[in-house]
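[1] Only the shape, not the letters, is given here:
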């Protein structure tokens, strides 16, 4: 993988190697090794470069893991990995690079000295707020439905793709937003100051994920795009007007999304995560954090009698443009929707014929379609 941040030419081998800065001419030298060849043979194809330069560069590339010697364990492992990833070619090279670049990162013990070092340039704000926006203060009425037995809620939960035209009440929306995205309490983060604890786990209590609401069918608020201000428990109006048709367009026209009463876009504000974690594995953690919030959202919505819907199928650029977000500092990670499910939400239970067409274990022989 070749990068050019800040004008530097940087190469990053997929497996087990750190990024390394190289001279720009190295890309041309690399291209001469697209098949098994010796440095001397490569130098012949690069006759405008001194042979010694090519040989020296090849040695450096070998040390950095950007080249491999024919027949070496590294070359054999590269071939094995290429074969293993071949069925997943639609994922590569992006997914395979992310897979390897975020593995085996160094971890440091969070000593007071390290915490002071990380906070020397200031602390990221706990909350995202739009102080100039019109806002709606949400009700804080408790709801006994959230006291339903956990097992009952767990097994009632399912993804819904068919919703009625009945609007969701402002009360139900407020309860759901507060339960999932509001602070449960504030904890002492020592050098980091006070930190937020939510009802879902968050790596390092960074709480880098914000909730942005697209609401076409909620009683008590005009249709529009909002930011949920977790500190105030309020909705800040970003843009008036939002329709079911727009919901479908933003979310890949998935079945049911254009019937949902509202969508919550879970957005990462990267500054909060970067303020503590300076390694690429933190990007993984933010996606895990989004999953935690998605599960809590689904369970809380189920307990409130709503039908949850969650998806990663959305147009990132279009969503962030509509929300007025800077894509260099924010990323939409998840779309969580809900509404009143239609009365018939049953699914067919897998029968014997379904299991006949199922591979339950590796090595299981194929089943006939007869």
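    Arrived safely. The structure presented is a predicted model; accordingly, all values stated were derived computationally and were not measured.
[2] ok, and for the helix or strand residue 237 falls within, which residues are buried?
    Using DSSP states H and E, residue 237 sits within strand 234-240. Residues of strand 234-240 classed as buried by neighbour count (16 or more other C-beta atoms under 10 Å): 234-238. Where C-beta positions appear, they are placed from N, C-alpha and C, glycine not excepted.
[3] and the nearest residue to residue 126 once chain neighbours are set aside, how many neighbours does it have?
    In space, residue 126 comes closest to residue 196 once its chain neighbours are excluded; the distance is 6.0 Å by C-beta to C-beta, 6 or more residues apart in numbering. Residues contacting residue 196 under the criterion other C-beta atoms under 10 Å number 19.
[4] So residue 196: helix, strand or coil?
    strand (DSSP: H, G, I helix; E, B strand; the rest coil).
[5] which stretches of the chain form strands?
    Counting by DSSP state E, residue ranges of the strands within the chain are 2-3, 9-11, 20-22, 135-137, 185-188, 194-197, 209-215, 224-229, 234-240, 262-269, 307-311, 330-339.
[6] export the ones you listed to CSV and tack on mean pLDDT and distance to residue 101?
    As requested, the strands of the chain are arranged in CSV below (pLDDT from 0 to 100; distance: least, C-beta to C-beta, whole Å):
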stretch, mean pLDDT, distance to residue 101
strand 2-3, 60, 11
strand 9-11, 77, 12
strand 20-22, 79, 13
strand 135-137, 98, 41
strand 185-188, 96, 32
strand 194-197, 95, 28
strand 209-215, 99, 22
strand 224-229, 99, 32
strand 234-240, 99, 34
strand 262-269, 99, 18
strand 307-311, 97, 26
strand 330-339, 99, 17
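[7] Mind putting those strands into a markdown table with distance to residue 178?
    Formatted as a markdown table, the strands of the chain follow (distance: least, C-beta to C-beta, whole Å):
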| stretch | distance to residue 178 |
| --- | --- |
| strand 2-3 | 42 |
| strand 9-11 | 44 |
| strand 20-22 | 48 |
| strand 135-137 | 12 |
| strand 185-188 | 13 |
| strand 194-197 | 13 |
| strand 209-215 | 11 |
| strand 224-229 | 9 |
| strand 234-240 | 11 |
| strand 262-269 | 13 |
| strand 307-311 | 16 |
| strand 330-339 | 15 |
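[8] So which of those is nearest residue 150?
    Across those, residue 150 has its closest neighbour in strand 307-311 (16.0 Å, C-beta to C-beta).
[9] For that closest one, enumerate the helices and strands it packs against.
    Under the contact criterion of 3 or more C-beta pairs under 8 Å, 6 or more residues apart in numbering; DSSP states H and E, strand 307-311 touches helix 281-303, strand 330-339.
[10] Next, the angle strand 307-311 makes with the first one.
    With axes from the mean of the first three to the mean of the last three C-alpha atoms, to 10 degrees as the basis, helix 281-303 and strand 307-311 are set at 160 degrees to each other.
[11] ok, and what's touching helix 281-303?
    With contacts defined as C-beta atoms under 8 Å, 6 or more residues apart in numbering, helix 281-303 is touched by 98, 102, 105, 145-146, 148, 153-154, 156-157, 159, 175-176, 179-181, 198-204, 206, 208-209, 264, 266, 268, 270, 273-274, 277, 307-308, 310, 333-334, 336, 338.
[12] Going by neighbour count, list what's buried in that helix.
    Buried, per 16+ other C-beta under 10 Å, within helix 281-303: 282-283, 285-286, 289-290, 292-303.
[13] chain center to that helix: distance?
    In terms of C-alpha atoms, centre = their mean, to the nearest Å, the centre of helix 281-303 is found 10 Å from the chain centre.
[14] Now do that helix against strand 262-269, angle only.
    Using the same axes, to 10 degrees: helix 281-303 against strand 262-269 is 160 degrees.
[15] still on that earlier bit, make a markdown table from the helices and strands packed on strand 307-311 and add distance to residue 252 to it.
    Listed next are the helices and strands packed on strand 307-311 as a markdown table, based on distance: least, C-beta to C-beta, whole Å:
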| stretch | distance to residue 252 |
| --- | --- |
| helix 281-303 | 17 |
| strand 330-339 | 10 |
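[16] who wins for proximity to residue 129 among those?
    Counting by C-beta to C-beta, residue 129 lies closest to strand 330-339 out of those; the figure is 14.3 Å.
[17] I'm done for today, thanks for sticking with me.
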